[in-house]
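S.K.: Got a predicted structure here, sequence first:
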Amino acid sequence: MKFSDGYWMLLPGVRPYYPAMAYDVTNGPDCLEIVAPTRQIHHRGDTLDGPVLNVRITSPMDDVVHVHVAHWNESPVTPSFVVHPAEQTDVETFCSEEETWLRAGSLTARINRRNWSLAFEVGGNTVTRSGSRGLAMVATNDGNFMHEQLTLGVGECVYGLGERFGPFVKNGQIVECWNKDGGTGSEQAYKNVPFYMTNRGYGVFVMHPEAVSFEVASEKVSRVQFSVEGHVLDYMVIYGPTPREILEKYTRLTGRPTLPPSWSFGLWLTTSFTTSYDEATITSFIQGMEDRDLPLHVFHFDCFWMKEYQWCDFRWDERVFPDPKSMLQRIHDRGLKVCVWINPYIAQQSPLFEEGATQGYLLKRKDGSVWQTDQWQAGMGIVDFTNPSACRWYSDHLFSLLQMGVDAFKTDFGERIPTDVAWSDGSSPQKMHNYYSYLYNETVFNLLQRERGLGEAILFARSATAGCQKFPVHWGGDCFSSFESMAESLRGGLSLGLCGFGFWSHDIGGFEGMPPVEVYKRWIAFGLLSSHSRLHGSSSYRVPWLYDEEAVEVLRTFTNLKCRLMPYLFGAAIQANQHGWPVMRAMAMEFPGDRACEMLDRQYMLGDNLLVAPVFSSDGSVDFYLPDGAWTSLLSGQVIAGGSWIREQHNFQSLPLLVRPNSVIALGSSTSQVDYDYTQGVEFFISSLEDGKSVVCEVPYTDGTVGSTVTITRTGSEISANLSGRAENWGLLLSHAFSRVTSAGATVEPVANGARVKVPSGTDVVVVSVD
């Protein structure tokens with residue numbers, strides 16, 4: 001939202017009031033309370049007839065400063081973001097006639113008392129600051145607003161702000177944090193998160209669930225402005241300095257992603273949306289996958305498992321699913337999990353509508369009538385999740401489905417939440433618009449966790465806001481079946497990952513339209529090299545044999561690969577749970593010192609050590625950048641020198657999948673399952689290991705604990721591997737970086753991507769000679 005007309009002038013009706021000085025300061029041991037008048041005070045008369053800003057500066061944890069600014073003291077209004085402060089913080093305050101400051105760990109908030117400015121410093125250096133006319137209360141003809149402007153340095157890039165499908169670097173953009181059902185092809189977003197980080201070592205969390213407007217190097221090209229309606233502004237500055245450290249601290253405050261069940265990382269197949277299907281159709285899909293030796297792990301029923309006009313009534317459409325409990329058992333007997341679609345709306349034709357309206361479970365208008373609309377489902381109402389009884393009512397219906405055999409829920413929608421309403425608990429309609437997604441997904445996730453147990457809860461959620469990362473998994477919404485939409489989906493996922501969301505997926509092949517076969521096959525590789533992988537469409541099916549036989553082969557290749565990668569991928573999932581680092585990571589996050597990585601949005605790191613560059617072209621050409629070092633193709637074992645851009649040509653069975661220099665990848669023994677004992681038959685792929693380097697690689701169990709650990713060290717022409725913990729039939733895979741591989745204590749055989757070293761049973765240490 002803009003308040004100025006260019007740099008010098010204001011828009012009509014805009015009357016800003018900026019703090020001029022820190023007139024009075026109360027500094028406690030862990031807090032600064034500042035009275036900041038909006039004019040210089042020279043005598044008593046200057047204290048009359050003018051607004052004052054009350055600024056409170058505190059710290060919820062080390063390296064984090066919380067700034068609370070109030071024009072008028074508004075009564076607290078729900079909801080607010082859930083924040084978990086640290087039990088102890090290293091805080092110090094100081095005040096003199098010239099300045100006052102608060103230090104939290106390494107980060108200091110320093111205020112110039114005579115001429116207001118607020119600088120955020122580390123080691124005496126400013127990382128960002130609110131300078132002249134940065135902080136303001138703004139009166140307009142449309143209401144009162146608060147804004148802050150934090151400076152951007154030369155070359156400083158801004159990332160995050162939720163799942164945004166436009167340019168990955170947000171500089172130059174106007175970002176409105178207001179959840180909308182706008183698809184992946186617009187500036188709107190399903191998942192708005194008022195958090196951003198920059199490549200200068202800090203992040204900013206604007207603690208407002210309601211609409212937050214960001215002018216990112218747009219209204220003022222050397223500043224980020226964020227504004228909210230009302231008389232209060234709350235934000236935090238979080239110092240890293242690395243992107244990993246910023247996310248670790250941000251998710252320590254707002255919540256870490258829960259570890260999803262291992263089975264959820266497998267391949268999901270769906271009915272698609274408006275396609276025609278019954279049990280025979282579903283059985284033919286599952287059998288078709290089995291007949292073609294295509295691993296499948298989850299089957300999803302989309303909207304029309306319920307009868308039309310009745311979403312949601314949580315009842316199977318008996319015309320096509322006459323015995324759903326037996327059908328679900330038959331699907332389970334094939335070793336598959338089951339997911340069903342839901343949304344938080346109750347159609348007027350649903351048998352539940354009257355009960356929900358009578359009992360006060362549906363959102364009401366201010367006159368006490370049920371809020372209804374014909375958009376989506378005719379006459380539908382919206383479940384009021386601020387009402388605990390409504391939460392229990394909704395959960396009870398889902399519980400019946402769990403008893404029937406459902407394992408997971410796709411929590412669709414939750415963005416189109418009206419503001420001309422009265423919530424059961426008196427919550428602010430403006431604040432509830434975005435925050436509704438939190439209460440909706442929390443309600444469903446808590447049910448699953450309560451009934452299925454810790455580590456077994458999984459959603460497939462579309463809407464979100466800050467904190468929703470605690471309820472995985474999230475997917476990118478409605479995309480088109482094109483390379484352009486495939487690329488915009490990746491941009492959205494990378495942006496969301498930089499807001500602490502650890503697990504993310506997208507519709508393989510695209511949602512809208514029938515994908516061209518080349519798009520479908522390239523999207524398969526991208527999809528199976530994402531944290532979660534789902535074949536899903538709108539009006540067309542996504543089973544591969546409908547495209548061509550090569551599509552079947554491509555799906556088999558990359559599903560087999562993902563199954564083998566599970567020890568590595570589940571290790572990355574544990575990192576997301578413990579540290580808040582996404583499984584799919586922007587290059588700027590993993591290589592903050594490499595300027596070439598700052599704007600890369602067509603490649604990513606999958607966990608710590610795998611670089612993925614999806615192919616977005618019909619002819620198989622792909623350009624990607626490699627940071628310094630010797631990178632190794634996991635598929636071919638070939639070594640590529642980094643520090644430059646690379647152009648390659650790949651067939652549909654391949655793509656750039658490169659192992660980071662001096663790293664080890666744990667590969668599992670199964671090519672068909674994702675939930676198995678990763679320690680049994682594990683192989684450790686060794687990329688180009690430099691002399692004197694030692695690498696530690698952990699292999700997890702599916703409960704998140706460590707099963708085994710291998711330490712691999714190179715000394716001259718010898719590589720030693722020392723295993724601790726539990727592992728049987730383990731081995732090594734050495735890439736083509738090593739031209740000759742021999743071992744006196746193990747069998748060595750050539751393979752496509754290097755040399756396999758089979759370690760004898762009962763052996764914990766093996767030494768390999770290499771050239």
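M.R.: Ah, there it is.
S.K.: can you pull the contacts of the closest residue to Asp619 other than its chain neighbours?
M.R.: Nearest residue to Asp619 in three dimensions, chain neighbours excluded: Gln649, at 7.6 Å (CB to CB, 6 or more residues apart in numbering). (C-beta placed from N, C-alpha, C; glycine too.) By CB atoms under 8 Å, 6 or more residues apart in numbering, the residues touching Gln649 are Asp619, Gly620, Ser621, Val622.
S.K.: who wins for most neighbours among those?
M.R.: For the contacts of Gln649, counting by other CB atoms under 10 Å, the largest number of neighbours falls to Val622: 20 neighbours.
S.K.: what number of residues lie near the nearest residue to that residue once chain neighbours are set aside?
M.R.: With sequence-adjacent residues excluded and distances taken as CB to CB, 6+ apart, Val622 is closest to Val615, at 4.7 Å. By other CB under 10 Å, the residues close to Val615 number 27.
S.K.: you'd agree Val615 is up against Leu657?
M.R.: No: using CB atoms under 8 Å as the test, Val615 is too far from Leu657 to be in contact (11.1 Å).
S.K.: Need the residues touching each of those two.
M.R.: Between them, Val615 and Leu657 share no contacting residue, judged by CB under 8 Å, 6+ apart.
S.K.: Can you tell me how far the residue nearest to Asp619 is from Gly637?
M.R.: The gap separating Gln649 from Gly637 is 18 Å, by CB to CB, to the nearest Å.
S.K.: so what pLDDT did Met9 get?
M.R.: At Met9, the model reports a pLDDT of 96.
S.K.: Which phi and psi values does it adopt?
M.R.: phi -110, psi 160 (degrees, to the nearest 10).
S.K.: which residues does it bridge with?
M.R.: Asp5 (DSSP bridges).
S.K.: Quick one: neighbours of it, just the number.
M.R.: Residues contacting Met9 under the criterion other CB under 10 Å number 9.
S.K.: can I get the contacts of Gln649 in JSON lines with secondary structure and pLDDT?
M.R.: Below are the contacts of Gln649 laid out as JSON lines (DSSP: H, G, I helix; E, B strand; the rest coil; pLDDT from 0 to 100):
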{"residue": "Asp619", "secondary structure": "coil", "pLDDT": "97"}
{"residue": "Gly620", "secondary structure": "coil", "pLDDT": "98"}
{"residue": "Ser621", "secondary structure": "strand", "pLDDT": "98"}
{"residue": "Val622", "secondary structure": "strand", "pLDDT": "98"}
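S.K.: From those, pick the one nearest Thr358.
M.R.: Ranked by distance to Thr358 (CB to CB), those are led by Val622 at 58.6 Å.
S.K.: Tell me which residue lies nearest the centroid of the chain.
M.R.: Central residue of the chain (CA atoms, centre = their mean): Phe501, 2.5 Å from the mean position.
S.K.: so what's that one up against?
M.R.: Neighbours of Phe501 in contact, by CB under 8 Å, 6+ apart: Glu163, Lys191, Pro257, Ala464, Cys468, Gln469, Pro472, His474, Pro582.
S.K.: and with 6 Å instead?
M.R.: Phe501 sits next to Gln469, His474 when contact means CB atoms under 6 Å, 6 or more residues apart in numbering.
S.K.: Quick check: which element contains it?
M.R.: Secondary structure assignment for Phe501, by DSSP states H and E: no helix or strand.
S.K.: Quick check: it vs Ile238, distance?
M.R.: 16 Å.
S.K.: how about the nearest residue to Gly510, chain neighbours excluded?
M.R.: Here the residue nearest Gly510, using CB to CB, 6+ apart, is Ser481, at 3.2 Å.
S.K.: actually Ser485, not the one I wrote
M.R.: In space, and not counting its chain neighbours, Ser485 is closest to Cys479: 4.3 Å by CB to CB, 6+ apart.
S.K.: so who does the one you found touch?
M.R.: Here Cys479 is in contact with Thr184, Ser485, Ser489, Asp507, Gly510, Phe511 (CB under 6 Å, 6+ apart).
S.K.: give me that answer again for 8 Å
M.R.: Counted by CB under 8 Å, 6+ apart, Cys479 has contacts Gly183, Thr184, Gly185, Ser485, Met486, Glu488, Ser489, His506, Asp507, Gly510, Phe511, Glu512.
S.K.: Out of those, list just those in helices.
M.R.: Mapping these onto helices (DSSP state H) picks out Ser485, Met486, Glu488, Ser489.
S.K.: so what pLDDT did the first one get?
M.R.: Note for Ser485: predicted pLDDT of 98.
S.K.: what about the strands in the stretch 151-300 of the chain?
M.R.: 158-160, 173-177, 195-198, 202-206, 212-216, 223-229, 232-239, 267-270, 298-301 (DSSP state E, counting those that start in this stretch).
S.K.: ok, residues contacting the fourth one?
M.R.: Residues lying outside strand 202-206 but in contact with it, judged by CB under 8 Å, 6+ apart, are 120, 127-128, 150, 160, 177, 194-197, 212, 224, 226, 228, 234-241, 246-247, 250, 253-254, 466.
S.K.: what's the closest non-adjacent residue to Glu97?
M.R.: Nearest to Glu97 is Arg113, by CB to CB, 6+ apart, at 6.8 Å.
S.K.: what secondary structure does Thr100 sit in?
M.R.: strand (DSSP: H, G, I helix; E, B strand; the rest coil).
S.K.: Isn't it up against Ala109?
M.R.: No: contact between Thr100 and Ala109 fails when scored by CB under 8 Å: they sit 9.1 Å apart.
S.K.: Neighbour count for these two, which is higher?
M.R.: Ranked by neighbour count (other CB under 10 Å), Thr100 and Ala109 place Ala109 first, with 25 against 21.
S.K.: Okay, now stretch 266-284: how far is its last residue from its first?
M.R.: Length of stretch 266-284, first residue to last, CA to CA, to the nearest Å: 20 Å.
S.K.: buried stuff in it?
M.R.: Going by neighbour count (16 or more other CB atoms under 10 Å), the buried part of stretch 266-284 is Gly266, Leu267, Trp268, Leu269, Thr270, Thr271, Ser272, Phe273, Thr275, Tyr277, Glu279, Ile282.
S.K.: go on, stretch 49-61?
M.R.: Of the residues in stretch 49-61, those buried (16+ other CB under 10 Å) are Val52, Leu53, Asn54, Val55, Ile57, Thr58, Ser59, Pro60, Met61.
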